[in-house]
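In: Predicted model and sequence follow; I will ask about them next.
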Amino acid sequence: MYRWLSMLLSVTLIGLGVAMVVVTLVRGSGTPGIILGPMFVAAGAGRLYVSRARGG
């Protein structure tokens with residue numbers, strides 16, 4: 001169950017990051033979404049990578 005929830009959180013982080021970038025670009029507002037969005041994507045992708053590397 002832990003692995004499933006960890007993967008769900010990872011995919012959610014990736015989705016949030018992509019959504020932040022898209023919304024920021026559509027609205028044309030500031031840089032926080034452009035900076036934080038890829039960070040969320042990287043965090044989610046990193047979690048997925050580590051969980052797969054450990055045999056998850």
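Out: Arrived safely. Numbering: from 1, shown residues only.
In: In contact with the residue nearest to Leu9 when sequence neighbours are not counted, which residues are there?
Out: Distances taken as Cβ to Cβ, 6 or more residues apart in numbering place Arg47 nearest to Leu9, at 6.9 Å, with adjacent residues excluded. Where C-beta positions appear, they are placed from N, C-alpha and C, glycine not excepted. Contact analysis of Arg47 by Cβ atoms under 8 Å, 6 or more residues apart in numbering lists Ser6, Leu9, Ser10, Leu13.
In: how near is Arg47 to Val26?
Out: 27 Å (Cβ to Cβ, to the nearest Å).
In: what does Gly55 give?
Out: Distance from Gly55 to Val26, by Cβ to Cβ: 40 Å.
In: And for Leu8?
Out: In terms of Cβ to Cβ, Leu8 sits 26 Å off from Val26.
In: Give me the pLDDT for the nearest residue to Val23 once chain neighbours are set aside.
Out: The shortest distance from Val23 to any non-neighbouring residue, by Cβ to Cβ, 6+ apart, is to Gly33 (6.3 Å). Looking at Gly33, its pLDDT stands at 86.
In: For Gly33, what are phi and psi?
Out: With angles defined as degrees, to the nearest 10, Gly33 sits at phi -70, psi -30.
In: re earlier: between Gly55 and Val26, which one's more packed in?
Out: Counted by other Cβ atoms under 10 Å, Gly55 and Val26 do not tie: Val26 has more neighbours, with 9 against 6.
In: can you tell me which residues contact the residue nearest the centre of the chain?
Out: In the chain, the centroid-proximal residue (Cα atoms, centre = their mean) is Ile14; its distance is 2.4 Å. When contacts are counted by Cβ under 8 Å, 6+ apart, Ile14 is found next to Phe40, Val41, Gly44, Ala45, Leu48.
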